[in-house]
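**Q** could you work out the structure for the sequence below:
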Amino acid sequence: MNYYSNPELARQFGVSRRTVTNWIEQTRQGRLGLELVRDGAYDYISKTPKNLLIMRGIVQQRRKFINKRSLKIATPRPKFYELFSDAQVIDLIYGIEKYREIPRQYNYFDEGASLWDKHTWRQYGDTAPNMVTQTIALLDANVGYIDWLFARHERINIVDIGPGNALPVKKLLAHLLESDRLGKYIAIDISQAMLAIAERNIRDWFGGAVAFEGHVRDISRDWLADVISELPADDGGSTANLCLLLGATLPNFRAPEVVLRNIVDSMGPGDYFAYTTGVDSAWGREQFHFSVDENTVQRLPPQYKLVMDLLGIEPSIYSTEMGFDERERSRYLRIRLKHPLTIEIKLSTGVRRVDLNKEETILLWRARHNTALEIGEQLNAGGLEPLLMSKTEGHDYLMVIADLQRGH
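**A** As a prediction, this is how the structure comes out:
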């Protein structure tokens, strides 16, 4: 393209998308000298050296004249440094600095794990369809296909990637136990607290009948093959892995293709992959299942507020926004700053300051929307060959079972 997208400019210059929109409007009014390009019904800022110089100047001037009396300083709480490693702290800094977002996975630490557990149980009790109940329904509806797929194997290891509280796989584990075909249940999550909840539930439901393994990994970065491929050397192929990525996990990541490729590259040639997600629909674009208590609606749900609180960002300095971005086809939950903000984070090399302007946004959650065809294409591009695609009756939720592409 010969022009910048508005989100691209917002990330590059550390401003809000509304600010970029204002630049375009001011140019239309003759108040800025930017060069615009029209594509369809919209104007965009063209990719020229002149435009880059003008935008850099605008941003420098804006930062120079920030009203210091309205500037807020946030300093992380001691627990922030206890929970997150140095590498994770730097990742959080980069997430805010470069992309104006808090990576979703860090909200599952500590209290965030128990909040997610409560949230999952609330969804499980809902009468309206949601990702938890429909994932369970899709697994139940296709358990016969899973049995057929693994017919030549004596044992099936369930590798649950991002297991939450393990509730979605309860019935599948019970089925494999009853048929005496369950190998191990292997849970992979970035949060030790989340793994502890999953292990507790597995123990409560099945006693010692299910062999539980928990492994702390960041699926967006860490190598998983040492966990997924862990089969006995003398097994002779009688055990295979079913790798589960349930609950519409991929659409939450900034770079889902990287996450998917990491998982696929870690799978063995005889492994299978099962994925559940939502399908783009008018009904789905309106769904925001955030509360942990059906009788309470929080302004900013606590499971998405955790890192904000740990960073010392007070609720009084931001407002909460949620909606659907038509251009990115994505639901979002974000905050918008009412004041300029500096976050002062201690590193071993000194204090790192992250500067944010008034009206800038920080993304806390996203859910990209794709059609069934696009989901299949996404998995195929990631190195998988879809074998089965199954929708719920309302066409709003989808399950895909796949294996590795030949020659992968």
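**Q** can you classify Glu321 as helix, strand or coil?
**A** Here Glu321 is recorded as strand under DSSP: H, G, I helix; E, B strand; the rest coil.
**Q** distance of the residue most central in space within the chain from Leu224?
**A** The centre of the chain sits closest to Asn252, judged by CA atoms, centre = their mean, with a distance of 2.7 Å. Asn252 sits 18 Å away from Leu224, going by CB to CB, to the nearest Å. (C-beta placed from N, C-alpha, C; glycine too.)
**Q** swap in Pro256?
**A** From Pro256 to Leu224 the distance is 16 Å (CB to CB).
**Q** neighbour count: these two, which is higher?
**A** More neighbours surround Leu224 than the other of Pro256 and Leu224, with 21 against 17 (other CB atoms under 10 Å).
**Q** which ones are touching the more buried one?
**A** By CB atoms under 8 Å, 6 or more residues apart in numbering, the contact set of Leu224 is Ile161, Ile188, Arg217, Asn262, Ile263, Ser266.
**Q** and the residue nearest to Asp271 when sequence neighbours are not counted, helix, strand or coil?
**A** Distances taken as CB to CB, 6 or more residues apart in numbering place Asn241 nearest to Asp271, at 4.3 Å, with adjacent residues excluded. Secondary structure state of Asn241, per three-state DSSP, is strand.
**Q** for the helix or strand encompassing Thr342, packing partners?
**A** Here Thr342, judged by DSSP states H and E, is contained in strand 341-347. If you count contacts as 3 or more CB pairs under 8 Å, 6 or more residues apart in numbering; DSSP states H and E, strand 341-347 packs onto strand 72-74, helix 86-99, strand 350-356.
**Q** that older thread, can you count the residues close to the nearest residue to the residue nearest to the centre of the chain once chain neighbours are set aside?
**A** Spatially, and ignoring its direct neighbours in sequence, Asn252 is nearest to Arg104 (5.0 Å; CB to CB, 6+ apart). Applying other CB under 10 Å, we find 20 residues neighbouring Arg104.
**Q** mean confidence score for stretch 194-208?
**A** The pLDDT scores in stretch 194-208 average 97.
**Q** and that stretch, which residues are buried?
**A** For stretch 194-208, the buried set under the neighbour-count rule, 16 or more other CB atoms under 10 Å, comprises Met194, Leu195, Ile197, Ala198, Glu199, Asn201, Ile202, Phe206.
**Q** contacts only, for Leu384.
**A** Per CB under 8 Å, 6+ apart, neighbours of Leu384: Leu260, Val264, Phe273, Ala402, Asp403, Leu404, Gln405.
**Q** from Leu260, how far off is it?
**A** 8 Å.
**Q** need the strands for the stretch 251-400 of the chain, in chain order.
**A** Secondary structure of the stretch 251-400 of the chain (DSSP state E, counting those that start in this stretch): strands located at 272-278, 318-325, 330-337, 341-347, 350-356, 361-368, 384-391, 397-404.
**Q** output the below-cut-off pLDDT ranges for the stretch 151-300 of the chain.
**A** Confidence mapping of the stretch 151-300 of the chain against pLDDT under 70 gives the ranges 230-237, 288-298.
**Q** pLDDT of stretch 106-123, averaged?
**A** 94.
**Q** for that stretch, buried residues please.
**A** 106-117, 119-120, 122-123.
**Q** next step: these restricted to helices.
**A** Among the buried residues of stretch 106-123, the residues falling in helices (DSSP state H) are Glu111, Gly112, Ala113, Ser114, Leu115, Trp116, Asp117, His119, Thr120, Arg122, Gln123.
**Q** am I right that the first one is in contact with Lys305?
**A** Right, Glu111. No. Counting by CB atoms under 8 Å, Glu111 sits too far from Lys305 to count as a contact (10.2 Å).
**Q** pull the number of nearby residues for Leu398.
**A** Here the count is done by other CB under 10 Å, and Leu398 has 22 residues near it.
**Q** which residue is the nearest non-sequential neighbour of Val132?
**A** Using CB to CB, 6+ apart, the closest residue to Val132 is Gln123 (4.1 Å).
**Q** would you agree that neighbour is in contact with Thr133?
**A** Yes. Between Gln123 and Thr133 there is a contact under CB under 8 Å: 6.7 Å.
**Q** chain neighbours aside, what residue packs nearest to Asp325?
**A** Tyr332 (5.9 Å).
**Q** show me the beta-bridge partners of the one you found.
**A** Gly323, Arg366 (DSSP bridges).
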